[in-house]
Structure formats: structure tokens, C-alpha cells
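>>> return atomic coordinates for the entry below.
(2 chains)
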2 protein chains.
Amino acid sequence: MNPEPTVVVLSGGVGGAKFADGLYQLLPKGNLTVCVNTGDDFNLFGLNISPDLDTVCYALAGREDPNTGWGQAGETWSVLNAISDLGGPVWFKLGDKDLATHLERTRLLGEGYPLTEITARICSRFGIQATILPMSDQNVRTLVDTEEFGLIPFQEYFVKKSCEPKVRGFQYQGISDAKPAVGLIDAINEADVVIIGPSNPLVSIEPILRVAGIRKALLEKRVVAVSPIIGGKTVKGPLAKMYKELGNLPSAATVAEGYRGLIQGYVMDSIDRDLSAQIDQWDIITLVTDTLMKSPLDRVILARKVIEFIQKELSG
Amino acid sequence: MNPEPTVVVLSGGVGGAKFADGLYQLLPKGNLTVCVNTGDDFNLFGLNISPDLDTVCYALAGREDPNTGWGQAGETWSVLNAISDLGGPVWFKLGDKDLATHLERTRLLGEGYPLTEITARICSRFGIQATILPMSDQNVRTLVDTEEFGLIPFQEYFVKKSCEPKVRGFQYQGISDAKPAVGLIDAINEADVVIIGPSNPLVSIEPILRVAGIRKALLEKRVVAVSPIIGGKTVKGPLAKMYKELGNLPSAATVAEGYRGLIQGYVMDSIDRDLSAQIDQWDIITLVTDTLMKSPLDRVILARKVIEFIQKELSG
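Predicted coordinates:
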């Protein structure tokens, strides 16, 4: 394989963004395309908010808040405080800098620009030398089917209700009309490898895979996934809780099983080494290594291990 | 007349807001209704912005920026700076606190609340004990007909192009479908007097007067206007320049002439005393006094003089 491979990585929010940033630091500029889930997008105060896209952009721009993984470093909260004074809703933490992104995105969408082009413009302004693509320019809205409230929009489940409602399933509203972002299928076709980042398979990766043509394009490629579950727990987010509520074991093996038929390689944490024998039986080659990304350096180290694993084990 | 009269004042932005604030400080709480022009309203970044309503609300709440007359005291600019970094438009000065008002208004409009109710809610939050009403819940958009650019939205003329284009006339888009705000006609009918504040007659007062039923209601009332022109100049805004471009003298008499048949009293500055004889011939009684409002106290003093003038000269 190309000693400096071209990579498409599929990503949701914080975990995927950190891993994408590791690849971005590691690979030659121009070799990375990040395909980002937009099923979490929503509208608040009339603004079009794309949380995962922003998290990825801020991470690759070196602007992310190191304490939260989302939002921007040195963020201020003047507007949100004033909204609170007015009695408005403040459950979604809109920082002042973050708001500028939402306002400018909303303005350009209103002028008819597709989300792909708007994202490219923001990346350019941020000096990002990777291609960040929304999975689609059409609206897809992930709905969480909960026992208590029925179907609710993802951000209401995730932020407003702190992932507390018990989950019965998911719907991806608009998915049947969603076309892949311009350039995405070409990027997949031309990539040396596609990596599914350590994001939630149910609500971050599944919407991407359901966009027309994406799964089909991936079936022609070498695909590797990185487990978002470490020792039965998720580093961030509700995946382990969701698995339990849906009757599945919250384990790295459950993630791999969900990707059977799609991936040839799987990267899992050392703590889960006992699961690798089971996963090997599904014709998936495993890399067992330390996968927790605590520092920016950890991201690059993990990215390098994954790329070396692909070059060594999956170049045939 | 009632020694503590009930008053409806018609207002545009800064000048009208200062005068309305003088009346608010002077009159018993509950005796004042401010009817505000919404022809200047516009949409930017997907937000519904009502500049005149906000200027009036901030003034009566004691929150206005004392240096500009618009916007809020102690305003910060985090969002606008970040928008500038993104290459977005920054010609309209959106402060952080001000943005909160636009966001909450836009959110509530999106939920189906009429502008009147939203304004009442904001007033309540700000502790304002006067009734502030938009002229209408329906959208009216004042367009300025310019020689250079043809018809352009008011805020583009006023802020983006700094009132530089030569004016040929105005259009009030949507005016024929605009109904007066709920409660406005009742407030006029029940008021002891209606005062037209020192606002631009062409772009602040004319849209109000053109809303169905408002002029008719005023014709049944005692109406007094305060001149926005002092010594041939406007304290703020493009009225004098507009008058010249439209072939009129920029004078306090031109304003009064425009209100002939509608007003019985007219308040003009001492510097313009020579014009009062001409105005008297139109069956308009004049009060010649100092009208420039430099300080908060000036507002109350002017309001008291106007109310005393009405009680003395127009109570018949």
C-alpha cells in the first residue's frame, strides 16, 4: 500500500473528532477526508446547528475546548447569559464563538449554499488542510425512540434529557432522500483505506452508512473500525447504556459484530484483549492496543498504530 | 383633561425612544402605550431583528447604551468578532446582549407567538411597566427607492450604505395586509392624547399611519407631534438629507405640513421660532421650547412641557 495512504474517516462528535485529528496530524496534508454525521443536526433559535461537524472542525483547527472536547477554547457565554435573563432555553450550551459559526452557517444556507460548500468555507477560514464533508447536504434527523417520550430529536435526548430516557430504537428521518455530499463517493473510491472512527455506531455511524451509495462504496474498499467501547464502557456518550437497553452486551465485540461484512480490520483496547478471539472468527483481523486518547499526542500515536496495522495486516 | 393623562406615543428609533422614555418617567405607571414602527425590521443570519422595538425597550428598561442611543449598555462583541473571523457580514452591529433578544424573538416567532406577545414578554422580563406594541404583527418592510441601487431594504440603506444613496421615494412592502397590533386601536381610542414622537415622519411614522385603521383612529383624537428637526437639521438620522433629495426644505415646518389634518398641536425647538407663524396658519397650535434631549433629565423635562402644553392649549 501507499506508504503515505489517503484515508477517509467516518466520524461523529468528540471521539471520532479526536481520532480524525490524530490522522490529520500524522498524514501528509491533503491525504485526509473526514465524513461527518449530520443526523444530530438541529434547529434552535432559528439557527442551523451541526454539532458533529463543528466538533470535528474545531478539533482539526486546534480550537477545541480541551476540557470538554466540544466547543471552542477560551469560549465566553455573554449571549447565553442574556438569553437566560430573557427566560429563554439554555439547555444547549451555545458559546459566543460557537454561535458565530451557527449564525454564519445559517446565513449561507439561507442564501442557498449547500452545507458541503459552507463547511469548506469554514475549514478554509480555520486554516484546515483536510477535506471535511457532511455525510449529505440533505437534512437527516436522528430520532431516538424512548419508552417515556416516544420519538424525540437526538439533541433533546442527548443534551436536554442527559441520555436518561430508556431507548427502544432509532429513526433517521429524511434518510431515504439523502444523497451523499458532493465529492464523498469519489473520495471513498480513491482512498487507500476507510476508517470508521471510535464513534457511536448506532447514532453517529449508522446514519452515514444509510445515506444512498455510501455502504455500497465501502463494500469495495478496505475498511477498518476503531472501537468506541473500552472495557464495556464508552469514554463519552450513551452507547453502552443504549446497548444494554436494546438487549445487547455493551462490549467492543458488539460493535465489531455490527460491522460484520463491512470491515476487515478492527482496533480495540488492550483491556478487551480476551474478546479478540471471538472477533477473529468473523474474519476480522484485530489490533489490540491502547486506544484511550487523553492527550493530543495520544491521538497521533493511535492514528499511527492504526495506519501501521493496516499497512502490515491488510495490504494484501 | 385628566390631570394624569393616558398617552399613546408613536415612535421610531432613537429620538422617539428618548421621548417615550421621558413620558414613561413622567406619567403614572400604566398610563403609557408606545406604538413602534416595525417597517425597519429585517432578517440577518436567519434572525428576526426589530431595531426600533429594541431601541424603545432598551430605553424604557434603562438598558440603552448612553453613547449610541441604540444597543445595550455594557455591550460586548464576542460573537461579531468571531463572525468577522469567519468572513461573515459585520455591517450591522450585533452586540452579544442584543443578539440574545434577536435569538429569543426568532425562537418565539418560530413557535407561532405573535410579535406583540413576544414584545410583552421581553418587556416583562425587563421590568417595563408601559405597554410597548409593534404597529402590526404582520411583516411590513420599508424599501428605500434610491437613484443608484433602485429599491433597497431600509437597513441596507441606513446602516450598510450609511444613508449615502440619493433617495427618490419609499415603498412599504406588505402594508396593505398589515393589521394593527392587538390592543393598539383600543389604546388609541381610550387615550387622552396621542403624541407623534420626534421620529422620522417618512420612514418611522408613515408606516405606522398606513397600517389599516390607525390613521382613522387618530382622526378622532387629540394629536400632537414633536419635531425631529431642529434648526434645519436632524439630531440623528437622514431626514434632513431625505427632504432635500425629495425637493423639500429640511425644516420643522415641512414636518408639520406633512401632518396637516392629523395634528392639532406641534412642538418645535426655540431655534425655529420664526416658523411658528406659518404653522399657526394651518390651524396647528405650536409650542416653541427647547427640544434637544441630551440627558435623561432632558427627556422628562420635554415630556412634562409637552403634557402641560396639551393640558393648557388643547383640552377644549
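
>>> can you show me the strands along the stretch 151-300 of chain A?
Remark: strands assigned in the stretch 151-300 of chain A by DSSP state E, counting those that start in this stretch are A:167-173, A:193-196, A:223-226, A:229-230, A:233-234, A:265-269, A:285-289.

>>> output the ones you listed as CSV; include the columns mean neighbour count.
All C-beta spots, glycine's among them, are computed from the backbone N, C-alpha and C. Shown next, in CSV, are those (neighbours: other CB atoms under 10 Å in any protein chain shown):
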stretch, mean neighbour count
strand A:167-173, 16
strand A:193-196, 26
strand A:223-226, 26
strand A:229-230, 24
strand A:233-234, 16
strand A:265-269, 24
strand A:285-289, 19
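
>>> right, and those - which one's nearest B:Leu109?
strand A:167-173 (23.7 Å; CB to CB).

>>> the residue nearest to A:Phe42 when sequence neighbours are not counted and chain B: what is the separation?
Once flanking residues are discounted, A:Phe42 sits nearest to A:Gln155: 4.8 Å by CB to CB, 6 or more residues apart in numbering or on different chains. The gap separating A:Gln155 from chain B is 15 Å, by CB to the nearest CB, to the nearest Å.

>>> tell me the pLDDT of whatever residue of the stretch 201-316 of chain A ends up closest to chain B.
Closest residue of the stretch 201-316 of chain A to chain B, CB to the nearest CB: A:Pro296 (22.5 Å). On the pLDDT scale, A:Pro296 is placed at 93.

>>> A:Tyr24 is in contact with that one, correct?
No. The pair A:Pro296 and A:Tyr24 does not pass the contact test of CB atoms under 8 Å, sitting 11.0 Å apart.

>>> quick one, helices of chain A?
Ranges of helices in chain A, per DSSP state H, are A:14-26, A:51-60, A:78-85, A:96-110, A:115-125, A:154-155, A:184-190, A:206-210, A:214-219, A:239-245, A:252-258, A:276-280, A:296-313.

>>> what's near enough to touch the residue of the stretch 201-316 of chain A closest to chain B?
A:21, A:25 (CB atoms under 8 Å, 6 or more residues apart in numbering or on different chains).

>>> could you rerun that using 10 Å?
Listed by CB atoms under 10 Å, 6 or more residues apart in numbering or on different chains, the contact set of A:Pro296 reads A:18, A:21-22, A:25, A:59, A:62, A:64, A:66.

>>> number of nearby residues for the residue nearest to A:Phe42?
The burial count assigned to A:Gln155 is 21, neighbours taken as other CB atoms under 10 Å in any protein chain shown.

>>> contact partners for it?
By CB under 10 Å, 6+ apart, the neighbours of A:Gln155 are A:40-44, A:49, A:51, A:91-92, A:141-142, A:144, A:161.

>>> show the buried residues in those.
The neighbour count (16 or more other CB atoms under 10 Å in any protein chain shown) marks A:40-44, A:49, A:51, A:92, A:141-142, A:144, A:161 as buried among the contacts of A:Gln155.

>>> can you put the residues you listed in a markdown table and add pLDDT?
Shown next, in a markdown table, are these (pLDDT from 0 to 100):
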| residue | pLDDT |
| --- | --- |
| A:Asp40 | 96 |
| A:Asp41 | 97 |
| A:Phe42 | 96 |
| A:Asn43 | 96 |
| A:Leu44 | 96 |
| A:Ile49 | 97 |
| A:Pro51 | 96 |
| A:Phe92 | 93 |
| A:Arg141 | 97 |
| A:Thr142 | 97 |
| A:Val144 | 97 |
| A:Lys161 | 94 |
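
>>> quick one: which of those residues is nearest to B:Leu133?
Closest approach between these and B:Leu133, by CB to CB: A:Leu44, at 27.7 Å.

>>> so in terms of bridging, what pairs with the closest one?
Taking DSSP bridges as the rule, A:Leu44 bridges to A:Leu47.

>>> shaky segments in the stretch 201-316 of chain A?
Across the stretch 201-316 of chain A, residues meeting the criterion (pLDDT under 70) sit at A:316.

>>> ok, back up a step: in JSON lines: the buried ones among the contacts of A:Gln155, plus distance to A:Ile132.
What follows is those, written out as JSON lines (distance: CB to CB, whole Å):
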{"residue": "A:Asp40", "distance to A:Ile132": "15"}
{"residue": "A:Asp41", "distance to A:Ile132": "14"}
{"residue": "A:Phe42", "distance to A:Ile132": "19"}
{"residue": "A:Asn43", "distance to A:Ile132": "21"}
{"residue": "A:Leu44", "distance to A:Ile132": "22"}
{"residue": "A:Ile49", "distance to A:Ile132": "16"}
{"residue": "A:Pro51", "distance to A:Ile132": "14"}
{"residue": "A:Phe92", "distance to A:Ile132": "22"}
{"residue": "A:Arg141", "distance to A:Ile132": "20"}
{"residue": "A:Thr142", "distance to A:Ile132": "19"}
{"residue": "A:Val144", "distance to A:Ile132": "25"}
{"residue": "A:Lys161", "distance to A:Ile132": "29"}
